[in-house]
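K.L.:
curious how this folds, go ahead:
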Amino acid sequence: MAAADSPSAALRHRDLCSRGIRLAGKMRLDVINLLDTYVERQGLDASASVAAVEGVPVAAVERWDEQTGTQRLLENLVAYRAFRALLAQMLEEQREQLGEADTTLGRALAAVLLQVSAFTYHLEELLRLESRGPPGEEGAEPPPPPPVSLFERKLRGLRVLRELAQWALRSTRDLRQLAKASPGSGSVPSPPNSP
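P.N.:
Residues are numbered from 1 along each chain as shown. Here you go, the predicted structure:
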């Protein structure tokens with residue numbers, strides 16, 4: 001019997017999926033709270049429309065119900081690795097801009113960055129259990145953004161946080177689908193018509 005097919009692997013798989021769902025849910029709540037703080041502290045309008053930003057992963061996906069569990073995990077992993085780099089960059093910019101003057105926003109950004117890092121590790125563990133180690137991180141970080149005005153940096157940060165909140169929601173859905181599948185199969189049963 002293959003390791004991925006053993007009862008202990010199945011239990012570990014379900015446990016990792018359940019914990020991942022809880023982590024993604026907590027992260028989404030914290031990102032939504034951070035969004036409120038970010039908008040307030042940066043002097044932005046919460047309803048501001050922000051165009052797509054290069055390097056920021058988009059949570060929307062076509063044919064979500066046709067993806068395999070491994071595809072879902074890999075897409076999530078790539079996205080969270082990018083968010084880890086983007087949040088670290090935002091935190092650095094925040095420190096440069098305000099120094100230690102705004103510790104509330106800095107602490108909230110650092111806390112979400114830590115959650116994203118933990119969730120990234122969690123996804124890597126799930127991929128290992130799927131008998132497919134996580135891909136290397138070569139080229140995982142987005143290229144440094146071109147120099148932009150302070151206002152454009154604020155809008156980019158807003159887009160990063162909005163998209164991260166959407167990814168946390170998508171990750172919850174992906175992990176729920178993955179929990180229904182058997183570990184190591186790479187396949188996921190089709191959901192009943194909703195992403």
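K.L.:
and stretch 26-35, what's buried?
P.N.:
Of the residues in stretch 26-35, those scored as buried under the neighbour-count criterion (16 or more other C-beta atoms under 10 Å) are 27-28, 30-31, 34-35. In short, each C-beta sits where N, CA and C put it, glycine included.
K.L.:
closest one of these to Gln94?
P.N.:
For these, the residue nearest Gln94 by C-beta to C-beta is Leu34; the value is 11.5 Å.
K.L.:
what's the nearest residue to that closest one if we skip its chain neighbours?
P.N.:
Distance criterion C-beta to C-beta, 6 or more residues apart in numbering; nearest residue to Leu34, sequence neighbours excluded, is Ala108 at 4.7 Å.
K.L.:
I'd like the distance from the helix or strand where the one you found lies to the chain centre, please.
P.N.:
Mapping Ala108 onto the secondary structure by DSSP states H and E places it in helix 103-129. Here the centre of mass of C-alpha atoms in helix 103-129, compared against the chain's by C-alpha atoms, centre = their mean, to the nearest Å, lies 8 Å away.
K.L.:
so what does that helix touch, helix or strand wise?
P.N.:
Using 3 or more C-beta pairs under 8 Å, 6 or more residues apart in numbering; DSSP states H and E as the contact criterion, the neighbours of helix 103-129 among helices and strands are helix 7-42, helix 69-98, helix 150-180.
K.L.:
distance of Ser149 relative to Leu35?
P.N.:
21 Å (C-beta to C-beta, to the nearest Å).
K.L.:
list the contacts for the residue nearest the centre of the chain?
P.N.:
Here the mean C-alpha position of the chain is nearest to the C-alpha of Tyr80 (C-alpha atoms, centre = their mean), at a distance of 3.9 Å. Tyr80 makes contacts with 116, 119-120, 123, 167, as judged by C-beta atoms under 8 Å, 6 or more residues apart in numbering.
K.L.:
show the pLDDT at it.
P.N.:
Per-residue confidence for Tyr80 comes out at a pLDDT of 97.
K.L.:
can you give me the pLDDT of the closest residue to it other than its chain neighbours?
P.N.:
Leaving aside its sequence neighbours, Tyr80 sits nearest to Thr120 (C-beta to C-beta, 6+ apart; 4.4 Å). In the predicted model, Thr120 carries a pLDDT score of 97.
K.L.:
also the one 3 residues further on?
P.N.:
As summarised for this prediction, Leu123 has a pLDDT of 95.
K.L.:
the closest residue to Arg72 other than its chain neighbours and Gln67, how far apart?
P.N.:
Of all residues beyond its chain neighbours, the one nearest Arg72 is Asp174 (4.1 Å), with distances taken as C-beta to C-beta, 6+ apart. Between Asp174 and Gln67 the distance, using C-beta to C-beta, works out to 8 Å.
K.L.:
perfect, I'm done here.
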